[in-house]
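> what's the 3D shape of this:
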Amino acid sequence: MAGDITSKQLDEWKQKYYASITSLEQQQSYDELLQRSLERLALAAQGLDPALSFANKI
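Coordinates of the predicted model:
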């Protein structure tokens with residue numbers, strides 16, 4: 001009986017662990033996508049506004 005409970009709890013913790021790892025990997029993927037998008041936006045906008053371009057050189 002105690003072995004069944006322990007095994008069940010272990011399985012529950014494994015599932016929680018795997019779910020959290022999957023969530024973390026998904027978040028990291030979103031973070032990388034956001035970073036790449038912002039880098040591309042910055043490159044695309046470079047030189048469009050002299051005031052911003054000047055502030056960037058300081």
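
> Give me the mean pLDDT for the one helix or strand S29 maps to.
Assessed by DSSP states H and E, S29 sits inside helix 2-45. For helix 2-45, the mean per-residue pLDDT is 92.

> That one - contacts with which helices or strands?
Helix 2-45 sits against no helix or strand, with contacts defined as 3 or more CB pairs under 8 Å, 6 or more residues apart in numbering; DSSP states H and E. To be clear about C-beta, it is placed using only N, CA and C from the backbone, and glycine gets the same treatment.

> from the middle of its chain, how far away would that helix be?
Relative to the centre of its chain, helix 2-45 is centred 8 Å away, using CA atoms, centre = their mean, to the nearest Å.

> so where does G47 fall, helix or strand?
Here G47 is assigned to no helix or strand, by DSSP H and E.

> tell me, how many neighbours does it end up with?
G47: 10 surrounding residues under other CB atoms under 10 Å.

> Next: L33.
Here the count is done by other CB under 10 Å, and L33 has 10 residues near it.

> same question, the one 5 residues further on
A count of nearby residues for L38, using other CB under 10 Å, gives 10.

> Against A44, how distant is it?
As judged by CB to CB, to the nearest Å, L38 and A44 stand 11 Å apart.

> any idea how far K16 is from L10?
To K16, L10 is 11 Å away according to CB to CB.

> next one: A42
Here A42 is placed at a distance of 39 Å from K16 (CB to CB).

> Got the phi and psi for G47?
phi 90, psi 0 (degrees, to the nearest 10).

> and if you look at Q46?
According to degrees, to the nearest 10, Q46 has phi -60, psi 130.
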